[in-house]
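here's my sequence, what's the structure:
(chains A and B)
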Amino acid sequence: MTAYVLRRLLLMAPVAFLVTVGVFMLIHLSPGDPALIILGEDRSPQAIAAIHQQLGLDKPLYVQYAIWVNHLVHGDWGRSITTHEPVAQAIVERLPATLELGIVALVWSLLVAIPLGTIAAVRRGSLTDQLATGFTVAGVSIPNFFIGIVLIFLMSVTLRWFPFGGYVPFTTDPLESLRHVLLPAIALGTAGAAINMRFTRSSMIEVLNQDFVRTARAKGAGGRRVVFIHALKNALIPVVTIVGLQIGGVIEGAVVTETVFTWPGVGRLAVESIFNRDYTVVQGIVLVAAFSYMVANLLVDLAYAWLDPRISYA
Amino acid sequence: MSNAPAIVAAQTPTQRTPLAVLSVVRTHRRVAAAAALLAILFLVALLAPIISPHDPLAVSADNAYLPPLRPGHLLGTDELGRDLFSRVLWGARVSLPVAFVAVGVGLVGGGLIGLVSGYAGGIADLLLMRVVDALLAFPGLILAIGIVAALGPGLRNAMIAIGIVAIPAYARLVRGVVLQLKHQDFIIATRSIGASPLRIVLKHLIPNLLNPIIVQISLSAGFAILAEATLSFLGLGAQVPTPDWGQMINVGGAFLVNDPWLAIVPGAAISIAVFSFNLLGDALRDALDPRLRG
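Have a look, this model is predicted:
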């Protein structure tokens, strides 16, 4: 297992290098000169040259890259062009709101996916199964921002059951926090619920056809016991992988959901920064998103190898 | 060596597999239903200039905020009095071409990478696959947003960004199939009778790639429409006054309390379009994959 972990980490190194190159190039692909954005109206050649020198833009590209990576690993992610706040600090400050949203969305998606997927598998081919399959295709087809808007219209505007927008930290008031987070979490988690349901269903169908399930049935175990005690535990192994990737990709979904619900997380910061042409912040968020996705991929692979001993470590 | 042409001939049926996609339309109800939905969608896009009752850009302040089912305005009007039905119909002319250009970028870029990587192997495969891995390391939408942020908002840049996001899926798919095919007898035989790599790729590999690629095109077209709508919703894709579905939801969201249809109508249009492509991809995959056949 140790050798497998090391091999996986080694494989990650070149990809991590290419990811940093890609993120670094984002700023250099951008039209316009960052110095002009920083300077605003005062655009004298001397001032532009001073900013170039200050940001290291007068150096060759590979030197700039080396300096940037060196700063990154030392925790210096640069400063926001618009607010002058350190980028790392800006991201860390908004991360709890995004994580809270992501966790509730994940719980929602699993609460829907596991029972529905299990029922669909047990009653394969039935109307319930066909409806559940329809839900999986619809769940990934409806944009999460549209789900959010419909939820706001129904639950906040028409029924007035939930507040629209706003964030209350869980540590301040857990109940109020849940009331605020529920609608954005449903909007964010519905596509995940559809995908998880599909995985649960197909995995469950496979497991229900295996010998140990037949043996359990032959020994007289009841239908529910076979499904929920024997089969479900094994059927959830592939679901773990996809859930892991969903955790890693939480920032991706949050970009849109947080914008719809004015949620003060990393996703909304990303959108605001794009409109402010605050490239250092965009760069930082893209980097965090990519690395959290890569780490989630790694952890999923390791968890999968640990959960399923048939996976080769070689 | 002498029986090589015979092996090639014996394998010829493999080259007819593209027909499998057409035949499943006749034999599988889900495929046929999805194909019919898409046909309607394409017809709407094609005929929008003829069937839309109003100019989608024509502003009429007197007719602003009309609710649906008013005479002359089936789906009502928006905040500038523009006919919503006409704008939704014209929206198909924006979303579908964007999706297909994006899929084209992904298909050509990813397909070439996959072909070279799978067929050449060695160092080319190693290097190209690391680039693909790096692209896969980014969550799709984040990569698209990053690219659009760098290139600047607009439909053209959104198309490029979504296309780049689609590249890894095609590269992996094509590489996987090419790796499988290149060790099959008919390819070995074709190579042994002196066929050039270009001929092998064009005459033998590409025809065998069509089935999985058609499934992938269908699925990634759905993703492309969704991604384009998302970028436009965020203000990074189509710009006003283009009748784009995502951009219409963005504007309509501000009038949700009194005029919810302004956001709900284009949202339904996006959902139907993406649903149709996903349904087709899903149904084709089920129909063409022997392991999934009931």
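
count the neighbours of residue 223 for me.
Here I'm looking at chain A. Using other C-beta atoms under 10 Å in any protein chain shown as the criterion, A:G223 is surrounded by 9 other residues. C-beta: built from backbone N, CA, C; applies to glycine.

my bad, the chain I had in mind was chain B
The number of residues packed near B:F223 is 24, by other C-beta under 10 Å.

check B:G72 too.
By the measure other C-beta under 10 Å, the count of residues near B:G72 is 11.

which strands and helices sit next to the helix or strand bottoming out on mean pLDDT in chain A?
Every helix and strand in chain A was compared by mean pLDDT, DSSP states H and E; the lowest is helix A:34-39, with a mean of 73. Using 3 or more C-beta pairs under 8 Å, 6 or more residues apart in numbering or on different chains; DSSP states H and E as the contact criterion, the secondary-structure elements in contact with helix A:34-39 are helix A:45-55.

centre of the chain to stretch B:140-149, how far?
Here the centre of mass of C-alpha atoms in stretch B:140-149, compared against the chain's by C-alpha atoms, centre = their mean, to the nearest Å, lies 17 Å away.

circling back: list the buried ones in the least confident helix or strand of chain A?
A:34-35, A:37-38 (16 or more other C-beta atoms under 10 Å in any protein chain shown).

likewise stretch A:279-295?
Buried residues in stretch A:279-295, counting neighbours by 16+ other C-beta under 10 Å, are found at A:279-294.

what about chain B: which of these touch it?
Taking C-beta under 8 Å from any C-beta of the partner chain as the test, chain B is in contact with A:279, A:282, A:285-286, A:289-290, A:293-294 out of these.

in TSV, list these along with secondary structure.
Conversion of these to TSV gives the following (DSSP: H, G, I helix; E, B strand; the rest coil):
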residue	secondary structure
A:Y279	helix
A:V282	helix
A:I285	helix
A:V286	helix
A:A289	helix
A:A290	helix
A:Y293	helix
A:M294	helix
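
now these in a markdown table, with pLDDT?
Written out in a markdown table, the entries for those read as follows (pLDDT from 0 to 100):
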| residue | pLDDT |
| --- | --- |
| A:Y279 | 81 |
| A:V282 | 88 |
| A:I285 | 92 |
| A:V286 | 90 |
| A:A289 | 90 |
| A:A290 | 90 |
| A:Y293 | 86 |
| A:M294 | 87 |
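
what's the spacing between the most centrally placed residue in chain B and chain A?
The residue at the geometric middle of chain B, judged as the C-alpha nearest the mean C-alpha position with C-alpha atoms, centre = their mean, is B:A221 (1.5 Å). Here the criterion is C-beta to the nearest C-beta, to the nearest Å. By it, B:A221 lies 12 Å from chain A.

cool, and B:R30?
Taking C-beta to the nearest C-beta as the measure, B:R30 and chain A are separated by 9 Å.

return the set of buried residues in the helix or strand where the residue nearest to the centre of chain B lies.
For B:A221, the enclosing helix or strand under DSSP states H and E is helix B:206-233. With burial defined by 16+ other C-beta under 10 Å, the residues of helix B:206-233 counted as buried are B:206, B:208-233.

for chain B, what are the low-confidence residue spans?
B:1-21, B:289-294 (pLDDT under 70).

do that again at 80, thanks
Along chain B, the parts satisfying pLDDT under 80 run over B:1-26, B:286, B:288-294.

got the residue ranges for the helices in it?
When secondary structure is read from DSSP state H, chain B shows helices at B:4-11, B:18-27, B:29-51, B:84-120, B:122-136, B:140-151, B:155-181, B:185-192, B:197-199, B:206-233, B:245-252, B:261-288.

give me the buried stretch members for the longest one, please.
Buried positions in helix B:84-120, judged by neighbour count with 16+ other C-beta under 10 Å: B:84-96, B:98-103, B:105-107, B:109-111, B:113-119.

tell me which other helices or strands it touches.
Other helices and strands packing on helix B:84-120, by 3+ C-beta pairs under 8 Å, 6+ apart, are helix B:29-51, helix B:122-136, helix B:155-181, helix B:206-233, helix B:245-252, helix B:261-288.

and A:G139, which of these is closest to it?
Proximity of the helices and strands packed on helix B:84-120 to A:G139 was assessed by C-beta to C-beta; the nearest stretch is helix B:261-288, lying at 9.8 Å.

any residue of that closest one touching chain A?
Yes: under the criterion of C-beta under 8 Å from any C-beta, helix B:261-288 makes contact with chain A via B:263-264, B:267, B:270-271, B:274-275, B:278-279, B:282.

please identify the residues of the stretch 1-150 of chain A in proximity to chain B?
Proximity of the stretch 1-150 of chain A to chain B is confined to A:14-16, A:18-19, A:21-23, A:26-27, A:29-31, A:125, A:137-138, A:140-143, A:145-146, A:149-150 under the rule C-beta under 8 Å from any C-beta.

what count of nearby residues applies to residue 78?
I'll assume chain A. Tallying neighbours of A:G78 according to other C-beta under 10 Å, which is how burial is gauged here, yields 18.

wrong chain, I was asking about chain B
By other C-beta under 10 Å, the residues close to B:D78 number 25.

let me see the contact set for B:G252.
Residues touching B:G252, when contacts are defined by C-beta atoms under 8 Å, 6 or more residues apart in numbering or on different chains, comprise B:78, B:259, B:261-266.

ranking by neighbours, what's the top pick from those residues?
Busiest of the contacts of B:G252 [other C-beta under 10 Å] is B:P266, holding 31 neighbours.

doesn't B:A92 make contact with it?
No: here B:P266 does not reach B:A92: they are 10.7 Å apart, not a contact under C-beta atoms under 8 Å.

cheers, nothing more for now.
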